Every structure is written in C-alpha cells, then in structure tokens.
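Undergrad: Below is the sequence, then the predicted model.
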Amino acid sequence: MALEPVYAADDSGGVASPATAQLPEGAVGIDGATQRLLGIRLASVERSGATLALRVVGRVAPEDTRVYRINAGVDGFIRETFNDSVGEPVKKDQRLATYYAPDFVAAASGFLAATERVPGSVGRDGARFTPEFPGTLAKESVRSVQGYTDRLRNLGMGDLQIKKVADTRQLPESVDVVSPVDGFILARNISPGQHFEHYSEFYRVADLSRVWVVAEVFEQEAAYLRPGAPAQVVLRDQRLRLPAQIASSLPQSETGGGSIKLRLEVDQNPGFVLRPDMLVDIELPVRLPSAVTVPPDAVVDSGARARLYVQRSEGVFEPRAVETGWRTGDRVEIRRGVQPGERVVVAATFLLDSESRLKAPASGPPPERASTQAAARPHRAAAKSAADPVCGMPVDPVQAAASGNTLVHRGETYFFCSRTCKENFLKKLTASTAKRRGAGDD
C-alpha cells in the first residue's frame, strides 16, 4: 500500500490539511476536490421580501344580522306545518305553519269592531289607516284600530293576515306562521299537535345572500393580515372561486393560545353554494416584509434549535446558531445569526453536520451533540481493529484516525485503509443519497 502524508487531526477522524489543522469548535475543513465529490454547494445570504398564498380551511356561517328567529307571542298549539324541514329554501311571507291561540279571538274581535267604525281604514299593507271623515271621533277610532293592529302583531299575526281579516270581516280560525325573509330554514322546533308556551322558538331562518367564513390561523401568520385585505374562497369540486375580504372585527383567540379565528365576509353567494357549517378552502395572499433570507436547504433544524453552515474561509465551514422566522417555498427568514453577503452551504448539509458533531469537544457540548457523540463513543472505544468497508482489509482504528481516514455516517464510524477507499465510499454514499431523494425518501 502506498504511503501517504499524515497531517494533524483531532480524534474525531475529520479530514485535515496544513491550512485547516487548527479549526474553531465544530468547524469542518474540506478541500475543493472533496467538496465536488460530496456535492457541496454554496449560496449567498440575501435580503429579500416575498409574497405567499396562505392556505387554510374555513367554515361557513350565516351573517348574524341576517338570522331571523320566529317566536310565539302567546300560548297555544300547532295545527299544521308546510314544507318546513331544516335546509328548505323559503320565500318572504311563505306560510310555514298554523296554530290556534285563544288570545287571538279577543284581539281579532276588537280589531273588527274598530275597523267597522272607520271606513277605508285598512291600507294595502294592513298597517296604515286613513279615515275618510274628520273629527275627534274618527281620531279616537283610528287610535283604537292601530292599537288592536299592534296587539295582533305582538301576538304573532303577520300584516298579510291582518289585512285578510279586515277584508273578509271574519275571525281567523288559526294564525299563520310566515317566513320574514327569503332564505333557508336553519332550525325547526315544532310539529303538528304540539302545545307551546309564550316565547317558544318556532323557526330560525337565515338570509344566505351574504355569509361569513371563519378560518383559524396561527398567531405569527395573523400578524401579516389586515382588515379589508382580499381573500379567495375556493370550492375545488365546483371549480369556483368567490371573492372575500377580512372583516374589521377583532379576531378571536383560541383556548390554549397559538392560533386565532379570523372572520371573512363573502358578499356573493351565487346559487347559495355556501351553506352553514360547510368546509371550504381559503387562500389569503400575504406580503411578507423584506428580511435576511436563505434557501430552505441551508437550515439544519433539529426542532429545539436551527443552524447554518457558513463559509469561514476557503474550504472551512463553521456551524452558526440562527433564529428563523417566516418560511416560503424557496426562502427562510433568518432573524439573527448571519448577515447579507455571507456564504452558506445549501447542499450536502447533512454530511457537514455529521462531521461537525463528531469534531465537537467532549467537554461541554450541547445536549443534542452529546447524544450523538455518546452513541458513537462506545463503538470507537471498543473497536481494537476494524475492516475497511470498501476493500475489506483489516484497519487499525487509531492509525486510521491519525491519518484522517475515518467517516461518521448516521452515528456509525467507518475506518479506511487509505484515502482512495474513503473517497470510493463517499462516492457510493452520495449516489445512494441522490437515489433516495429521487424516490422521495427523506
């Protein structure tokens, strides 16, 4: 076997050279040929902004000012109901049910008696009264008619039925329950033959020509959203997009923190495709502020902390703890740790990270490094001899470490008889990694 020069190296087995024999803690020195072999690429830290489409799921809700409750004004019992299932569309003044209440008999009798004394007193809407003769008696009669009309309304009779009573001069056998608006029945609480009490709710009807959509977003995302900002309600099955805007109302914080509920106003609901409690997709265009950014592949994120590998000098890379912010498909905000213009590793970062962890000193490494070293240390201490994984030749681990012919991969240390075998192993490792990435295996 040909002899090769040996340079100073630490006991971690990293590659060393005369220029990189003395490296800062955790730094890795790799010559240009090995960088090309490993596929290491660099990119500059930049200051840039971004626009992204924030995609969340929302739930449709009726606008509260367009929800109408139909309540009982008396005690009585239900006679009949008509096409009043929940979800049914209804028209304004459409009859939903009829009921009988003794209190209506006295009020309707008084109304007929009062209108008989005031000719022409009932207008088209059953609400306005214009006597055909002047005088004090006429004014008193009009006030009496108005009083009985208001009483019938308070008891639950609609203007159309009041007018019908005035026109036919007959006491009603039952009172009609009618829809106050064009809309949909949200709730139905009665059935034929049912007795009810004063203030009982018969129906709840909603006008769905305009609706709300309530979406839940993270607090850090909500910081970039403003009242009046545009949004899109997406119905993928129907290939339909409806414009919306963020309401000016204050967002509601969710229990436990971390997220808030945002309300969107949708002014168009063609064909009433948006129904209460329906789940829809929401797209919120967000303009992110200008910030220091790097490509996503540059960030090594272990969950508890994030770091980059910054080029310190030619062939020397040092780990740098950073604080990350917003993320898009091609950029990550770095709030602290690097400056624009610095060069960072954006490919084969995991190989550098593995080598850097191995080089970390045994005294006082971060907990996340200590766990990796603890896993590797028993293997190295127990190994008195090893076999080269490429050629199978027996190798003295101490001599291999001294000559820099070692490599740590996935927590296991490999020992080589020569630099050639180590480079061949790296080629196979790089090819295998590229193949897994192509197959979608992270």
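TA: Yep, it's here.
Undergrad: The stretch 1-150 of the chain: strands as residue ranges?
TA: Along the stretch 1-150 of the chain, the segments classed as strands by DSSP state E, counting those that start in this stretch run 28-29, 41-44, 46-62, 67-71, 76-81, 89-90, 95-100.
Undergrad: low-scoring stretches of this structure, by residue?
TA: Within the chain, the stretches with pLDDT under 70 are 1-24, 117-143, 250-251, 253-257, 359-385, 411, 433-442.
Undergrad: Out of the strands of the stretch 1-150 of the chain, which one sits most buried?
TA: Mean neighbour count (mean count of other Cβ atoms under 10 Å) peaks for strand 28-29 among the strands of the stretch 1-150 of the chain, with a mean of 24. Using the backbone N, CA and C atoms, a C-beta is placed for each residue, glycine as well.
Undergrad: same for that one, what does it pack against?
TA: strand 316-327, helix 349-359 (3 or more Cβ pairs under 8 Å, 6 or more residues apart in numbering; DSSP states H and E).
Undergrad: got the buried residues for the helix or strand that the first one is followed by?
TA: Read it as strand 316-327. As assigned by DSSP states H and E, the chain's next helix or strand after strand 316-327 is strand 332-336. Buried residues in strand 332-336, counted by 16 or more other Cβ atoms under 10 Å: 332-334.
Undergrad: Same list (the residues you listed) but as a markdown table, adding distance to L42.
TA: Below are the buried residues of strand 332-336 laid out as a markdown table (distance: Cβ to Cβ, whole Å):
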| residue | distance to L42 |
| --- | --- |
| V332 | 16 |
| E333 | 20 |
| I334 | 16 |
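Undergrad: Could you single out the nearest of those residues to D301?
TA: The closest of these to D301 turns out to be V332 (Cβ to Cβ; 9.2 Å).
Undergrad: Go ahead and confirm that closest one touches A291.
TA: No - with contact defined as Cβ atoms under 8 Å, V332 does not reach A291; the gap is 9.6 Å.
Undergrad: joint contacts of these two?
TA: Counting by Cβ atoms under 8 Å, 6 or more residues apart in numbering, the contacts common to V332 and A291 are 325-326.
Undergrad: most packed of the helices and strands packed on strand 28-29?
TA: Most buried of these by mean neighbour count (mean count of other Cβ under 10 Å) is helix 349-359; its value is a mean of 21.
Undergrad: Please name the bridge partners of Y100.
TA: F77 (DSSP bridges).
Undergrad: dump the residue contacts of it.
TA: Taking Cβ under 8 Å, 6+ apart, one finds 76-77, 79, 173-175 in contact with Y100.
Undergrad: go on, F184?
TA: Contacts of F184 by Cβ under 8 Å, 6+ apart are 87-90, 205-206, 208, 272, 275.
Undergrad: ok, the residues you listed vs A298, which is closest?
TA: Within the contacts of F184, proximity to A298 (Cβ to Cβ) peaks at R275, which comes in at 45.9 Å.
Undergrad: and the closest one, helix, strand or coil?
TA: Of the three states, R275 takes coil according to DSSP: H, G, I helix; E, B strand; the rest coil.
Undergrad: Isn't it up against L208?
TA: Yes - assessed by Cβ under 8 Å, R275 is found in contact with L208 at 7.1 Å.
Undergrad: Of these two, which one has the most company?
TA: In this view R275 and L208 are compared by other Cβ atoms under 10 Å, and L208 has more residues nearby, 22 against 15.
Undergrad: Leaving out sequence neighbours, find the closest residue to that one.
TA: F272 (5.2 Å; Cβ to Cβ, 6 or more residues apart in numbering).
Undergrad: Distance of that neighbour relative to L52?
TA: Distance, F272 to L52, by Cβ to Cβ, to the nearest Å: 32 Å.
Undergrad: how many neighbours does E283 have?
TA: Every residue meeting other Cβ under 10 Å relative to E283 is counted, giving 16.
Undergrad: quick one: contacts for it?
TA: Counting by Cβ under 8 Å, 6+ apart, E283 makes contact with 53-55, 231-232, 234.
Undergrad: For I260, see how far away the residue at minimal distance from the centre of the chain is.
TA: For the chain, the residue sitting closest to the mean C-alpha position, by Cα atoms, centre = their mean, is V56 at 3.6 Å. Plainly put, V56 is 11 Å away from I260 if you go by Cβ to Cβ.
Undergrad: Residues that sit against both of those two, list them.
TA: When contacts are counted by Cβ under 8 Å, 6+ apart, the set common to V56 and I260 consists of 216-217.
Undergrad: need the contact list for A108.
TA: A108 neighbours (Cβ under 8 Å, 6+ apart): 152, 165, 171-172.
Undergrad: Now with 6 Å, please.
TA: 165, 171 (Cβ atoms under 6 Å, 6 or more residues apart in numbering).
Undergrad: The closest residue to F196 other than its chain neighbours: neighbouring residues, count only.
TA: Excluding its sequence neighbours, the residue lying closest to F196 (Cβ to Cβ, 6+ apart) is A72, at 5.3 Å. Around A72 there are 21 other residues, counting by other Cβ under 10 Å.
Undergrad: Please verify my assumption that the residue nearest to the centre of the chain contacts A215.
TA: Yes - at 4.8 Å, V56 counts as touching A215 under the criterion of Cβ atoms under 6 Å.
Undergrad: residues shared between the contacts of the two?
TA: I282.
Undergrad: The helix or strand harbouring I185: what's the following helix or strand?
TA: Under the criterion of DSSP H and E, I185 resides in strand 183-188. Next along the chain after strand 183-188, taking DSSP H and E as the criterion, comes strand 195-196.
Undergrad: Given that next one, what are its sheet partners and their directions?
TA: Strand 195-196 sits in its sheet next to strand 76-81 (antiparallel), going by DSSP bridges.
Undergrad: How far off centre is the strand it pairs with?
TA: Centroid separation for strand 76-81 versus its chain: 46 Å, with Cα atoms, centre = their mean, to the nearest Å.
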